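>>> A structural model of the following input is requested.
(chains A, B, C and D)
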2 protein chains.
Amino acid sequence: MSDSDTTADSSSDASAEASPSVGGLSGHAGTSTTSSSVSVGAQIRNDIIKGIHPPGGKLREAALAKQYAVSRIPIREALRSLEAEGLVESRPYSGSMVAPSPVEDAEDLFEIRIVLESATAKRAAKRAAEQRNREVPDSRWRGVRREINTILDEGDDVIEQERYEDLAVLNMRFHFAVAELSGSLSLVSLLRQISGKIEWLYSLNVTRRGPQAWPEHRDIIAAIDAGQQAKAAEVMAGHVRRSRDSYFAMMAETSTQTD
Amino acid sequence: MSDSDTTADSSSDASAEASPSVGGLSGHAGTSTTSSSVSVGAQIRNDIIKGIHPPGGKLREAALAKQYAVSRIPIREALRSLEAEGLVESRPYSGSMVAPSPVEDAEDLFEIRIVLESATAKRAAKRAAEQRNREVPDSRWRGVRREINTILDEGDDVIEQERYEDLAVLNMRFHFAVAELSGSLSLVSLLRQISGKIEWLYSLNVTRRGPQAWPEHRDIIAAIDAGQQAKAAEVMAGHVRRSRDSYFAMMAETSTQTD
DNA sequence: TCCTGAGAGTTTGTATACAAAACGATAGGC
DNA sequence: GCCTATCGTTTTGTATACAAACTCTCAGGA
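Here you go, the predicted structure:
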């Protein structure tokens, strides 16, 4: 046991708070109280995606507790969440390990994501039209809609300053915000699960198509704002498809030596 | 606190062990040790789907602990899982409540399920072909494949004896087993999330198309065994589509008075 | 040499206890 | 009368402690 504290504690350093938990995603905007259970969960998720915890690696609760400086209880709760998200595999009394990387499933995951995000865009457009016909505007809806503007503007700034590494988080926030506009918690939770895996995919290669894809987001929002359900779905589908193609192109480039 | 024990304890009685946890789904076949955390989770999930915990209802940990006769720790872990599955909404220091029912999302959920299950069937067929070309057969694969035969036979028995209420569980077990044949943990975990919601949909109306749909399962397996990827996907898609149509037909019948 | 089984040690599972935050009621001020 | 602040209660969050189960090692025998 003497070597157990040699486990790399380089993990949660700076990246800790850069979790993809994406603002007030799960409804209930505003409240900032953040239990350590959920923040530790985000950190572990990040570290899995970054490869700090490699696929197949055992996740020992005591070690994680020491590493993230909390007791085992928050660790266990985080592991349960990650297990349900499919990033971690657990067996009673036998412990948890990082799930195998979803590289093999890339094609299927993107296909599902296309359908899923088309649905969120469509539903968002539907709700936008409903909002327009309303007397009393839904304050929650307006809040999310406004947040999207902020995200889009921030993205423009980031691109102008060529801080492309920040684009990934903004991109996720955008897509989640659209899902939230749809008003459907089911779709949001599904998106969370899928985009977790897809983010994991992306972490294997570093770059992203980012910059030239960003303006497409404004097209998506335009269709949503106009209440054009079919068009919103279509534009979103195209956006995700291009994202997929870019991913596979990147993989093809990278893995010229693999096979 | 004197009245707190009047909470209906009728919940977990018999249905407890009829959880949709579906055999050795998460890999690691064989071991039977079942932590109370996961079994309590299954019970709560069941009770949510049954409507015993109504959408929007608060889930107080102490009450649940008393109701399911465990301490708060397993309850909390179960709630974290259910939260990640989208059946429960939680906010730190504010507690958990049952998520809104996914009825509004029925159409989208089925659409996603069609894509998802087509993918599992296709991948299963691919793997079946690979198995055939192998010297050493994958024992895990063989186990699952054999389990499917058992499920199909049991289903036939159940139909012959007209115990249609048992068909739902068998149906789920079948679809999960196919997902497992695909060898993809990502797809399995996605299916778990989606089918949880769809099961919730179904619980609103009681009946199912069950009997006449059951034989279709053998067609799916036939295509998989033959290694015909495209056909397997196609047959599975048709199967799920008919399931969807049946659902909406049922809804149309049932809700003639609603609007 | 290989298999089997018992034992110690490690790791997970759960209960209890306490700390911290949110919620609700009540009293005070405008 | 209504709003606001404060206190007490309730509920959740987390640490500690102990029980239960698994795993690995090693001795014994076929």
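
>>> from now on I want contacts and neighbour counts done on CA atoms only, so please keep to that.
Fine.

>>> can the helix or strand containing residue A:235 be found next to chain B?
Using DSSP states H and E, residue A:235 maps to helix A:229-254. No. For a cut-off given as CA under 8 Å from any CA of the partner chain, helix A:229-254 has no contacts with chain B; the smallest distance is 12.0 Å.

>>> quick check: buried residues in that helix?
Going by neighbour count (16 or more other CA atoms under 10 Å in any protein chain shown), the buried part of helix A:229-254 is A:229-241, A:243-244, A:247, A:250.

>>> flag the shaky bits of chain A, pLDDT-wise.
By pLDDT under 70, the low-scoring segments of chain A are A:1-32, A:204-208, A:255-259.

>>> please redo it, this time with the cut-off set to 80
Across chain A, residues meeting the criterion (pLDDT under 80) sit at A:1-35, A:135-137, A:139, A:203-211, A:253-259.

>>> near chain B, which residues of it are found?
That would be A:26, A:28, A:33-35, A:76-78, A:80-86, A:89, A:91-93, A:99-100, A:102, A:104-105, A:108, A:111-112, A:115-116, A:119, A:184-187, A:189-190, A:193-194, A:197, which are the residues of chain A within reach of chain B (CA under 8 Å from any CA).

>>> please redo it, this time with the cut-off set to 6 Å
A:35, A:77, A:80-81, A:84, A:86, A:92, A:189 (CA under 6 Å from any CA of the partner chain).

>>> and stretch A:54-73, how far out from the chain middle?
22 Å (CA atoms, centre = their mean, to the nearest Å).

>>> now the stretch 101-250 of chain A against DNA strand C: closest residue?
With distances taken as CA to the nearest atom of the strand, the stretch 101-250 of chain A approaches DNA strand C most closely at residue A:140, which sits 17.0 Å away.

>>> and that residue, what helix or strand is that in?
Using DSSP H and E, the element containing residue A:140 is helix A:139-160.

>>> out of the residues of chain A next to chain B, which are buried?
Burial by neighbour count, judged by 16+ other CA under 10 Å, picks out A:77, A:80-81, A:84, A:86, A:189 from the residues of chain A next to chain B.

>>> can I get those in JSON lines including distance to DNA strand D and secondary structure?
Rendered in JSON lines, the data for those read as follows (distance: CA to the nearest atom of the strand, whole Å; DSSP: H, G, I helix; E, B strand; the rest coil):
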{"residue": "A:77", "distance to DNA strand D": "8", "secondary structure": "helix"}
{"residue": "A:80", "distance to DNA strand D": "13", "secondary structure": "helix"}
{"residue": "A:81", "distance to DNA strand D": "13", "secondary structure": "helix"}
{"residue": "A:84", "distance to DNA strand D": "18", "secondary structure": "helix"}
{"residue": "A:86", "distance to DNA strand D": "20", "secondary structure": "coil"}
{"residue": "A:189", "distance to DNA strand D": "19", "secondary structure": "helix"}
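
>>> so which of the residues you listed comes closest to residue B:177?
Minimum separation from residue B:177 among these (CA to CA) is found for residue A:86, which lies at 16.8 Å.

>>> quick one: the closest one from residue B:110, how far?
Taking CA to CA, to the nearest Å as the measure, residue A:86 falls 21 Å from residue B:110.

>>> ok, now residue A:107?
According to CA to CA, residue A:107 stands 20 Å off from residue B:110.

>>> tell me which of these two has more neighbours.
When neighbours are counted by other CA atoms under 10 Å in any protein chain shown, residue A:107 and residue B:110 differ, and residue B:110 comes out ahead with 20 against 16.

>>> neighbours of residue A:143, how many?
In terms of burial, residue A:143 registers 12 neighbours under the definition other CA under 10 Å.

>>> kindly report the residues of the stretch 51-200 of chain A close to DNA strand C.
Taking CA under 7 Å from any atom of the strand as the contact definition, the stretch 51-200 of chain A meets DNA strand C at A:59-62, A:73, A:76, A:91-96.

>>> can you do 6 Å?
A:59-62, A:91-95 (CA under 6 Å from any atom of the strand).

>>> now the residues you listed: which count as buried?
A:59, A:61.

>>> could you export the residues of the stretch 51-200 of chain A next to DNA strand C as JSON lines, including secondary structure and distance to residue A:164?
Formatted as JSON lines, the entries for those read as follows, by DSSP: H, G, I helix; E, B strand; the rest coil; distance: CA to CA, whole Å:
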{"residue": "A:59", "secondary structure": "strand", "distance to residue A:164": "32"}
{"residue": "A:60", "secondary structure": "coil", "distance to residue A:164": "35"}
{"residue": "A:61", "secondary structure": "helix", "distance to residue A:164": "35"}
{"residue": "A:62", "secondary structure": "helix", "distance to residue A:164": "37"}
{"residue": "A:91", "secondary structure": "strand", "distance to residue A:164": "39"}
{"residue": "A:92", "secondary structure": "coil", "distance to residue A:164": "42"}
{"residue": "A:93", "secondary structure": "coil", "distance to residue A:164": "43"}
{"residue": "A:94", "secondary structure": "coil", "distance to residue A:164": "41"}
{"residue": "A:95", "secondary structure": "strand", "distance to residue A:164": "38"}
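
>>> intersect the residues of the stretch 51-200 of chain A next to DNA strand C with the contacts of DNA strand D.
Filtered for proximity to DNA strand D (CA under 6 Å from any atom of the strand), those shrink to A:93-94.

>>> before we move on, back to that, now do the buried residues in the helix holding residue A:140.
A:141, A:144-145, A:147-148, A:151-152, A:155-156, A:158-159.

>>> nearest to residue A:167, of the residues of the stretch 51-200 of chain A next to DNA strand C?
The shortest approach to residue A:167 among those belongs to residue A:59, at 30.0 Å (CA to CA).

>>> isn't that closest one right up against residue A:99?
No. With contacts counted by CA atoms under 6 Å, residue A:59 stays clear of residue A:99, the gap being 10.5 Å.

>>> quickly list what's touching both of those two.
When contacts are counted by CA atoms under 6 Å, 6 or more residues apart in numbering or on different chains, residue A:59 and residue A:99 are jointly contacted by no residue.

>>> residues touching residue A:60, list them.
Per CA under 6 Å, 6+ apart, neighbours of residue A:60: none.

>>> next, the contact list for residue A:38, please.
If you count contacts by CA under 6 Å, 6+ apart, then residue A:38 has nothing around it.

>>> is whatever helix or strand it lives in anywhere near DNA strand D?
Secondary-structure element containing residue A:38, defined by DSSP H and E: helix A:36-50. Yes. Against DNA strand D, helix A:36-50 shows contacts by CA under 6 Å from any atom of the strand at A:36-37.

>>> just the C-alphas of that helix, formatted as PDB.
The C-alpha coordinates for helix A:36-50 follow below in PDB (Å, rounded to 0.1, in the frame of the first residue of the first chain):
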ATOM      1  CA  SER A  36     -18.900  18.100  -4.200                       C
ATOM      2  CA  SER A  37     -20.500  14.900  -5.400                       C
ATOM      3  CA  VAL A  38     -21.400  16.400  -8.700                       C
ATOM      4  CA  SER A  39     -18.200  18.400  -9.100                       C
ATOM      5  CA  VAL A  40     -16.100  15.400  -8.400                       C
ATOM      6  CA  GLY A  41     -18.200  13.500 -10.900                       C
ATOM      7  CA  ALA A  42     -17.400  16.100 -13.500                       C
ATOM      8  CA  GLN A  43     -13.700  15.900 -12.700                       C
ATOM      9  CA  ILE A  44     -13.600  12.100 -13.000                       C
ATOM     10  CA  ARG A  45     -15.500  12.400 -16.300                       C
ATOM     11  CA  ASN A  46     -13.000  14.800 -17.600                       C
ATOM     12  CA  ASP A  47     -10.100  12.700 -16.500                       C
ATOM     13  CA  ILE A  48     -11.600   9.700 -18.200                       C
ATOM     14  CA  ILE A  49     -12.200  11.600 -21.400                       C
ATOM     15  CA  LYS A  50      -8.600  12.900 -21.200                       C
END
